[in-house]
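**Student:** When you get a sec, could you give me coordinates for this:
(chains A and B)
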Amino acid sequence: MSVEGAKIVPSHHLDSLFRADRLPHILCPGCGIGPAMHCFAQAMLDSGIPLERHVCVSGIGCTGRVAGYVNVDSYHTTHGRAIPFALGISVVRPDLKVTVFSGDGDLISIGGNHFIHAARRNINLNVICVNNFNYGMTGGQAGPTTPLGAKAATAPYGNAERPFSLPYLAAAVGATFVARWTALHVRQLKEAMVRAMKKKGFTFIEVLAPCPTGFGRPNNIGDGLEEMERYRSRCVVNHRAALHELDLDLRRIDQPFILGNFVDIDRPHFRPPVIEQGPAAEFGRDDRSADGGGAAMEGAP
Amino acid sequence: MSSGKRVSGGEHFMVGDHACAEGALAAGLEFFAGYPITPSTEITEHLSRRMPELGASFVQMEDELGSLAAVLGASAAGARSMTATSGPGFSLMMENIGLAAMMEIPCVIVDVMRGSPSTGLPTAVGQGDVMQARWGSHGDYSIVAYCPNSAQECFDLMIKAFNTADQYRIPTLVLMDEIIGHMTERVVIPEAVKIAFSGRKRPVRPASEAAFLPFKADGNGVPPMAHAGEGYKVHFTGLTHDEKGYPALNAEAHRILVTRLIDKVRLNAAAIVEYEGLHLDDAEVVVVAYGCTSRSARQAVFTAREKGVRVGLLRPITLWPFPEDKLRRLLRKGEVKRFVVAEINMGQISREVERLTQIPVARVNHPGGAMILPEDILEAALS
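**Tutor:** Numbering: from 1, shown residues only, chains lettered A, B, ... in the order given. Model prediction:
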């Protein structure tokens, strides 16, 4: 715990938050996932919730590896399915604080359907999405967050598709807390994570992060520090920004990157229906149903 | 029915899908996640009524990918968990069946088989998912698959399925078919105290003491299971991992892990395998049939016997692991001259029987949409 000037100390006050026996990590120099993971660790401490009650779930990808480094109960699941896996934990153990920590491709592309439905239901989950604008693990392919015109391994002539604005999407589908920060805004990011952890319901934090290997290189950005500086120089904090004006366009230098804690509302979070006494249905009633018919579900308490 | 009790003891006239749901409740089902699909919908609907009475969690998911993922999360947190689906949804679950096998998370998946492939015949019978149940996810792993042939067995085998899933930490499948799921029959549900229960092996020492190795197996190849929120700070991954649960991306770690995952079922097969035999003692012709088809086969055997022909029936109750030993014992006796395999697919279990025998195997197949008639099986047995 002690700070000894410039001397290298053998331990760090967050050591217990990480699985030190798994280090060094796989992340590239200049990657933004490390700072985001550090903020997450600090936020777990600051949340006041005992570490034994924190659970981290991730999917597949570079950010998906975070579940393997944080020293809490952690689950590294299939590509795109971190949110429903976490839903299962959250529903049967409502006393646990479950965080889904994963990447933009995992959560928003292959896992997009689960994302919108978990937010709609207001599942008691914190989602942290590291957005590095590409599929890093597989070598820098384009995804649903790749900015218009940006080059990627599968967009050699520039991405022609309009990307999602993640905070706009999250707010539209029902998230009760929505924030966007960058891997450079570590204090604000950590504070947002603590706020999310203290809420009940579906929260969403986007972390803009440099990916010098997958995204910086094909777009002539240079190293991670330069990519971070490009984002930093355009960042404007505006908590009251209009949600539909949060698009990121790398080509238009005049257009700022708007950061902030945009949404913080309360609405009843999902709990499976419970009834005190069974309905007076008699044995032998007609239970046949049409193809595809499903049971109606009461979401909120 | 809504008894308000976990175990609805007594005699009932009940449809197979509901018997399946009641079996799950009697087994201690705490979490269900599913998506409506014919002909399994009645399981989901029934549980949506029954689970809220019992304080158990019912969630209707956005799709089958999410359904099984949610089941695995709930089970990782300690809850007995299941989903129910049919062919198209079963296909969507394949990746997470592999995850369940790799993470060794117990779960029960009911697949009520219908005419296939693709959307096929949604409201009509099929038995085409047998090989998919065994091999559907990528790579090598082991599962157990039960196959009921009556509403009563839908109830009984759900209890076994949960116990087997927990005991071996494996995904366990219950392969019903549309006929069995939609057929109403007498079902006798025992009292709660008579429901067999064998749960998960659990860590012996508290989390505060000594390091726990979450994937270190003992005796029968199964590691004790620590759940989320118990303080063990476990890490579960679908990557190849060591006894600590940490990724170990090399050939030797992969060999050790995958071999153990397969051996959990392979080496315990004698304790897992179940079958029913009818007139096998002196049979010269053995009919192999399962699910609804076994009911036609039974009639064919009776008719053949009336004609004085020595025909018997071998009905696998566990399709996987397949009752290989029983088949070999029959062959060793030397009386069996021929096998007849009847199934509502174009030849799935017949391949298994052909693989295990050196004598002729006649196939009675139909791709789905109708039951195979006793006459067709009889004709194959007599010719």
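
**Student:** Three-state assignment for residue B:78, please.
**Tutor:** Counting by DSSP: H, G, I helix; E, B strand; the rest coil, the backbone at residue B:78 sits in coil.

**Student:** Now do the strands in chain A.
**Tutor:** A:54-58, A:73-76, A:97-103, A:125-131, A:177-182, A:202-208, A:235-237, A:257-264 (DSSP state E).

**Student:** Could you point out which of the ones you listed sits nearest chain B?
**Tutor:** Chain B lies closest, by C-beta to the nearest C-beta, to one member of the strands of chain A: strand A:73-76, at 3.8 Å. Heads up, the C-betas are built off the backbone N, CA and C, glycines and all.

**Student:** What strands flank the closest one, and is each parallel or antiparallel?
**Tutor:** strand A:54-58 (parallel), strand B:235-237 (parallel) (DSSP bridges).

**Student:** list the buried ones in whatever helix or strand comes next after the shortest one?
**Tutor:** Put plainly, it is strand B:235-237. Remark: after strand B:235-237, the chain's next helix or strand is helix B:251-266, criterion DSSP states H and E. Under the neighbour-count criterion of 16 or more other C-beta atoms under 10 Å in any protein chain shown, helix B:251-266 has B:253, B:257, B:258, B:260, B:261, B:264, B:265 buried.

**Student:** will you turn these into JSON lines that also has distance to residue A:249?
**Tutor:** Conversion of the buried residues of helix B:251-266 to JSON lines gives the following (distance: C-beta to C-beta, whole Å):
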{"residue": "B:253", "distance to residue A:249": "45"}
{"residue": "B:257", "distance to residue A:249": "46"}
{"residue": "B:258", "distance to residue A:249": "47"}
{"residue": "B:260", "distance to residue A:249": "52"}
{"residue": "B:261", "distance to residue A:249": "48"}
{"residue": "B:264", "distance to residue A:249": "53"}
{"residue": "B:265", "distance to residue A:249": "54"}
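
**Student:** Closest one to residue B:174 out of those, please.
**Tutor:** If you rank these by distance to residue B:174 using C-beta to C-beta, residue B:265 comes first, at 15.8 Å.

**Student:** Give me the distance between the closest one and residue B:82.
**Tutor:** Distance, residue B:265 to residue B:82, by C-beta to C-beta, to the nearest Å: 19 Å.

**Student:** Residue A:265 too?
**Tutor:** With C-beta to C-beta as the criterion, residue A:265 and residue B:82 are 35 Å apart.

**Student:** Please identify which of the two sits among more neighbours.
**Tutor:** Set residue A:265 next to residue B:82 and count neighbours by other C-beta atoms under 10 Å in any protein chain shown: residue B:82 wins out with 33 against 12.

**Student:** so which residue of the stretch 101-250 of chain A comes closest to chain B?
**Tutor:** Minimum separation of the stretch 101-250 of chain A from chain B (C-beta to the nearest C-beta) falls at residue A:117, amounting to 4.1 Å.

**Student:** For that residue, give me its contacts.
**Tutor:** B:61, B:62, B:66 (C-beta atoms under 8 Å, 6 or more residues apart in numbering or on different chains).

**Student:** could these go into CSV alongside secondary structure, distance to residue B:117 and pLDDT?
**Tutor:** Conversion of the contacts of residue A:117 to CSV gives the following (DSSP: H, G, I helix; E, B strand; the rest coil; distance: C-beta to C-beta, whole Å; pLDDT from 0 to 100):
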residue, secondary structure, distance to residue B:117, pLDDT
B:61, coil, 24, 98
B:62, coil, 24, 98
B:66, helix, 23, 98
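
**Student:** near chain A too, which of the residues you listed?
**Tutor:** Restricting the contacts of residue A:117 to those near chain A by C-beta under 8 Å from any C-beta of the partner chain leaves B:61, B:62, B:66.

**Student:** Which residue ranges make up the domains of chain B?
**Tutor:** B:10-194, B:276-382 (automatic domain parsing).

**Student:** Quick check: residue A:244 touching residue A:168?
**Tutor:** Yes. Applying C-beta atoms under 8 Å, one finds residue A:244 in contact with residue A:168, separated by 5.9 Å.

**Student:** Just want to know which of those two has more residues nearby.
**Tutor:** residue A:168 (18 against 10).

**Student:** can you pull the pLDDT of that one?
**Tutor:** Per-residue confidence at residue A:168 stands at 98 (pLDDT).

**Student:** Skip the chain neighbours and tell me the closest residue to it.
**Tutor:** residue A:243 (4.9 Å; C-beta to C-beta, 6 or more residues apart in numbering or on different chains).

**Student:** again, but for residue A:21
**Tutor:** Per C-beta to C-beta, 6+ apart, closest to residue A:21 is residue B:246, 7.6 Å.

**Student:** the helices in the stretch 51-200 of chain A, which residues?
**Tutor:** Applying DSSP state H, counting those that start in this stretch to the stretch 51-200 of chain A gives helices spanning A:82-92, A:104, A:112-121, A:166-173, A:186-197.

**Student:** tell me the mean pLDDT over the shortest one?
**Tutor:** On average, the pLDDT along helix A:104 is 98.

**Student:** can you check the longest one too?
**Tutor:** The predicted model gives helix A:186-197 an average pLDDT of 98.

**Student:** before we move on, the earlier item: and among the strands paired with strand A:73-76, the most buried is which?
**Tutor:** strand A:54-58 (a mean of 29; mean count of other C-beta atoms under 10 Å in any protein chain shown).

**Student:** Need the residues that contact that one.
**Tutor:** Residues beyond strand A:54-58 that count as contacts (C-beta under 8 Å, 6+ apart) turn out to be A:40, A:44, A:47, A:64-67, A:70, A:72-77, A:82-83, A:85-86, A:89, A:96-102, A:106, B:73, B:228-229.

**Student:** Quick one: residues contacting residue 114.
**Tutor:** If you meant another chain, say so; for now it's chain A. A:80, A:81, A:83, A:84, B:62, B:65, B:66, B:69.

**Student:** should've been chain B
**Tutor:** B:38-39, B:86-87, B:120-126, B:177-178, B:368 are the contacts of residue B:114 under C-beta under 8 Å, 6+ apart.

**Student:** can you check residue B:358 too?
**Tutor:** Residue B:358 neighbours (C-beta under 8 Å, 6+ apart): residue B:331.

**Student:** Between helix A:82-92 and the longest strand seen in chain B, find me the angle.
**Tutor:** For chain B, the longest strand by residue count, based on DSSP E, is strand B:107-115. Interaxial angle of strand B:107-115 relative to helix A:82-92 (axes from the mean of the first three to the mean of the last three C-alpha atoms, to 10 degrees): 120 degrees.

**Student:** Give me the sheet partners of strand B:107-115 and which way each runs.
**Tutor:** Strand pairing for strand B:107-115, using DSSP bridges, gives strand B:81-85 (parallel), strand B:121-125 (antiparallel), strand B:171-177 (parallel).

**Student:** In the last one, which residues are buried?
**Tutor:** If I follow you right, that is strand B:171-177. B:171, B:172, B:173, B:174, B:175, B:176, B:177.

**Student:** after that strand comes which helix or strand?
**Tutor:** helix B:178-182.

**Student:** on contacts alone, who are the packing partners of that next one?
**Tutor:** helix B:16-26, helix B:41-54, strand B:107-115, strand B:121-125, helix B:151-168 (3 or more C-beta pairs under 8 Å, 6 or more residues apart in numbering or on different chains; DSSP states H and E).

**Student:** please redo it, this time with the cut-off set to 10 Å
**Tutor:** strand B:10-15, helix B:16-26, helix B:41-54, strand B:107-115, strand B:121-125, helix B:151-168, helix B:293-306 (3 or more C-beta pairs under 10 Å, 6 or more residues apart in numbering or on different chains; DSSP states H and E).

**Student:** Quick one: end-to-end distance for stretch A:101-118.
**Tutor:** 15 Å (C-alpha to C-alpha, to the nearest Å).

**Student:** For the stretch 251-383 of chain B, which segments are assigned as helices?
**Tutor:** So, for the stretch 251-383 of chain B - with DSSP H, counting those that start in this stretch - the helices run B:251-266, B:269-272, B:293-306, B:324-333, B:349-356, B:374-382.

**Student:** Reformat those helices as a markdown table; add distance to chain A.
**Tutor:** Formatted as a markdown table, the helices of the stretch 251-383 of chain B follow (distance: least, C-beta to the nearest C-beta, whole Å):
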| stretch | distance to chain A |
| --- | --- |
| helix B:251-266 | 14 |
| helix B:269-272 | 26 |
| helix B:293-306 | 22 |
| helix B:324-333 | 32 |
| helix B:349-356 | 28 |
| helix B:374-382 | 28 |
